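>>> Sequence plus predicted model, see below.
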Amino acid sequence: MAKKVLIVGGVAGGASAGARLRRLDEQAEIILFERGEYISFANCGLPYYVGGTIEKRERLLLQTPKRFKARFNVDVRTENEVLSINRDEKKVEVVNLATGEKYFESYDKLILSPGARPAKPPIPGIDSDRIFTLRNVPDADLINDFIEKHKPKRAVVVGAGYIGLEMAENLRKRGLLVAIVEMVDQVVPTMDKEMANLLHQHLHEQSIALWLNDGVSGFSRTDSKLMVSLKSGMELACDFAVLSIGVKPEAKLARESGLEIGNRGGIKVNEYLQTSDTDIYAVGDVIEVKDFVLGTDTLIPLAGPANRQGRIAADNLCGRSVKYKGTQGTAILKVFDLVAAMTGVSEKALKKTDINYERLYIHPAHHVGYYPGAKQMHIKLLFTKPEGKILGVQIIGSDGVDKRIDVFATAIRAGMTVFDIQDLELAYAPPYGSGKDVVNMAGFVGGNILDGTFDVQHYDKLDSEDFIVDVRRGIEIARGSIPGAINIPIDELRDRLDELPKDKVINLSCAVGIRSYIASRILRQKGFDTKSLSGGYSTYLAQTAEKLFEAQTVEQLKEEFCTGL
């Protein structure tokens, strides 16, 4: 076992490594350097502190240097920054930021966990004191202090990823009008577009103005306002802005010491989390990891993987041969009254590979419909053909999303197929699920596609020449239908077969895909060639979901930021 271990950086990766290392080796000398004031804080809780859901600031501080020393006998040196690594002499140079004193510390083994920093591109005016980022507790303090002192009315959030949407929600909770600017044409860029579309209308309903497929070209100040110039030529007036356009690995220390850096800018590590120097390990947001599904090198800055990596690095440092098997990107996000969750790969990513895959959409309630309060979920599942191995899942809904995404994440980690999840025995009582859980249902649909029980059609594969039959009731059709579709309610189908062609493929649609599947089974056994629209009209509608909210209302939201104030 190592005699002296230095850890650079705390929070998820570094603090986890230090605690695990002490549990395995009571004799080791362990020193943890953290250039900030706090060694372990709840960075995922920062937006909710700004919004007031987390009322007490101290609740964010998960561990203090004093408690960490008492519990784990780790020498914690906050406000101490490691400046360089001398790999030949196995020592680091450190500066005490409080005193300016520089000193050297030797090591037998070194763990790097410096994390990542908010991306801050060279945009004119980006250094304004009215532009904030949110990565740590002092950042949250700055935003809180600004709101309390200046009583702002309008804020612009740049970037619509996890932190961007969480900040938008929490700033609305503080009473501000909020606009989001995002370079791509959707929020949550890691999701597929048709799923993210479901969030767009909800954000409009919450009075969030969206400027999608647009970027910031510059910032400028007036006497009292911050002006945000967009690449489209639009000018937005606000009181302050929050940058949430991603993070970049803090790999400068590793790069300058000659450690290998990957193509994505993160530290290159092997499956044991060793760098190109076998005496130096690296964990957390600073490293490149293997995508668990695709096997490619990637950056996935998430707290869960960072915690596990810290533990694994300590295990290996103490002689236990433990491999890190990759990151699959399981994540969940609260967006006002909705929940967005994902695990595995997206269809965007799959399109860049040669993997033969299929997709399906289902829109079940989170528990049985007869029990009050059933909430609809929208699920997209991606799987290989013909094996059915699950590659990725995305869910938009409210109650029950967290439970289901975790089951799907476990299924991916276990290498399960759509046929396997048909047999999962999951907890059921009317307030929580159904006898055939939605996870089972996804498996049944996937299995039916692969074994030829029905042929699937997708909303983006339809064209104006296709023959489409909507088997919903007339009252449902009145609320909207696919252009050109004829209506034959399913219960009338057997009596109206003479209205259907046998020389064309009949594309069947309903509300969510259940009745169209039944109709497909009826017609195929009558000699017709059919396809069932996956997810039915609900999925078709999702591709235009952002158009559902009244254009006038959307323009009114945007007008709040374009009047020059």
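Looks like it arrived, so ask away.
>>> Ramachandran coordinates for residue 379?
Per-residue torsions, residue 379: phi -120, psi 130 (degrees, to the nearest 10).
>>> wait, it sits on residue 395?
Yes. With the criterion set as C-beta atoms under 8 Å, residue 379 and residue 395 qualify as a contacting pair; they are 5.1 Å apart. All C-beta atoms are positioned from the backbone trio N, CA, C, and that covers glycine.
>>> can you list residues touching both of the two?
Common neighbours of residue 379 and residue 395, counting by C-beta atoms under 8 Å, 6 or more residues apart in numbering, are residue 404.
>>> Who is the spatially most central residue of the chain paired with across the strands?
Among the residues of the chain, the one closest to the centroid is residue 331, at 4.6 Å (C-alpha atoms, centre = their mean). Here residue 331 shows beta-bridge partners residue 342, assigned using DSSP bridges.
>>> and the gap between it and residue 389?
Shown here: residue 331 relative to residue 389, a distance of 21 Å by C-beta to C-beta, to the nearest Å.
>>> cool, residue 484 as well?
Look at residue 484 and residue 389: by C-beta to C-beta, they are 36 Å apart.
>>> And residue 280, by the same measure?
Per C-beta to C-beta, residue 280 is found 36 Å from residue 389.
>>> So those two - more neighbours on which side?
In this comparison of residue 280 against residue 389, neighbours counted by other C-beta atoms under 10 Å, the higher total goes to residue 280 at 23 against 19.
>>> I'd say the more buried one and residue 92 touch.
No. With contact taken as C-beta under 8 Å, residue 280 and residue 92 are classed as non-touching, separated by 10.4 Å.
>>> how about residue 355, what does it touch?
Taking C-beta under 8 Å, 6+ apart, one finds 384, 391 in contact with residue 355.
>>> how close does it sit to residue 420?
The span separating residue 355 from residue 420 equals 19 Å under the rule C-beta to C-beta.
>>> circling back: shared neighbours of residue 280 and residue 92, anything?
Between them, residue 280 and residue 92 share these contacting residues under C-beta under 8 Å, 6+ apart: 85, 110.
>>> low-scoring stretches of this protein, by residue?
For the chain, residues meeting the criterion pLDDT under 70 lie at 1-2, 544-554, 563-565.
>>> The residue of the chain most remote from its centre in helix, strand or coil?
For the chain, the largest distance from the centre (C-alpha atoms, centre = their mean) belongs to residue 498, which lies 49.1 Å off. Secondary structure, DSSP: H, G, I helix; E, B strand; the rest coil: residue 498 is helix.
>>> State the distance from it to residue 509.
Computed with C-beta to C-beta, the distance linking residue 498 and residue 509 is 20 Å.
>>> What of residue 31?
According to C-beta to C-beta, residue 31 stands 64 Å off from residue 509.
>>> okay, those two: which has more neighbours?
residue 509 (30 against 19).
>>> Surely that one and residue 516 touch.
Yes. Counting by C-beta under 8 Å, residue 509 does reach residue 516; the two are 5.5 Å apart.
>>> okay, and the common contacts of these two?
Overlap of the contact sets of residue 509 and residue 516 (by C-beta under 8 Å, 6+ apart) consists of 471, 533, 536.
>>> Strands - which of those land there?
Mapping the shared contacts of residue 509 and residue 516 onto strands (DSSP state E) picks out residue 533.
>>> Reformat the shared contacts of residue 509 and residue 516 as CSV; add neighbour count.
CSV is the format used below for these (neighbours: other C-beta atoms under 10 Å):
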residue, neighbour count
471, 25
533, 29
536, 27
